[in-house]
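Student: Dropping a prediction and its sequence here:
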Amino acid sequence: MPSVFITGTNRGIGLALVRQYLAEDWQVYATARQPKKNKELQRLVSQYQKQLNLYTLDITNGMQRQQVADKLNGIPLDILINNAGIYGQDDAYFGNTDEEKWLDALRINTIAPMKIMELLADNIALGEKKIIASMSSKMGSMDDNGSGGSYVYRSTKAALNAIMVSAARDLKEAGISVVILHPGWVRTDMGGTNGEISTQQSAQRLQAILNSITLENSGDFYDIDGSIIPW
């Protein structure tokens, strides 16, 4: 049975990915900050007792990251999906950037995914598919930036993209493919009610992209339609 590790699964795309992979008979290792308080995750645990492993994880908490890694020691993982993230300061326009909110977003969107990759790379190397993916955004593309603003979100995702490309180079010898994903404009708390696609549609398309990944694709930045996003 193939296996996937997904962060930030309490709602939105993360929760939809959990449902999608469970429906496809994958072994799912999922994390959330307060999983015991999430009724839908607890329902899924009851329904998929042998397939779903749920862990408490604030991705910025180094002790919790290590505890999860220790529990997974020696367990092969086919795919790691760094999904957890925040928009951060929503009014971060020129002349109105908040340093503390910026640093908080940097820890969540950029540093934490790197630390999780470092902790679980050996598990991925033991898997068959050997894929690490991080959820980014077109807003992290400098080439695609036609409107300016959103300094906090754009910069933390651009930094995440740079990290993923470096990891693609560093992990190639281990046979690990490292890719970046744009989930589309999704109807979530972050994307708003006017989003173009549902969380289920996004999860299905993201899974299709990940199913097509080979080592030759390592370092690529994927749009939700499977095309490559320019930097």
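Tutor: Ah, there it is.

Student: Show residues contacting the lengthiest helix in the chain.
Tutor: Criterion DSSP state H: the longest helix present in the chain is helix 151-170. Helix 151-170 has contacts (Cβ atoms under 8 Å, 6 or more residues apart in numbering) with 87-89, 92-94, 97-98, 101-102, 105-106, 108-110, 113-114, 117, 132, 134, 136-137, 139-142, 145, 177-180, 218-219, 221, 231. Bear in mind the C-beta positions are built from the backbone N, C-alpha and C, glycine included.

Student: Residue 26 and residue 170, how far apart?
Tutor: Residue 26 sits 27 Å away from residue 170, going by Cβ to Cβ, to the nearest Å.

Student: Am I right that residue 220 is in contact with residue 179?
Tutor: Yes: using Cβ atoms under 8 Å, residue 220 is in contact with residue 179, at 5.6 Å.

Student: Give the next helix or strand downstream of the longest helix of the chain.
Tutor: strand 177-181 (DSSP states H and E).

Student: between residue 26 and residue 170, who's got more neighbours?
Tutor: Using other Cβ atoms under 10 Å, the more surrounded residue of residue 26 and residue 170 is residue 26, with 20 against 13.

Student: helix, strand or coil for the residue of the chain most remote from its centre?
Tutor: Within the chain, the residue lying farthest from the chain centre (Cα atoms, centre = their mean) is residue 95, at 30.4 Å. Classification of residue 95 using DSSP: H, G, I helix; E, B strand; the rest coil returns coil.

Student: What of residue 147?
Tutor: Strictly by three-state DSSP, residue 147 counts as coil.

Student: From residue 93, how far out is it?
Tutor: 11 Å.

Student: what does residue 39 give?
Tutor: Taking Cβ to Cβ, one finds residue 39 at 37 Å from residue 93.
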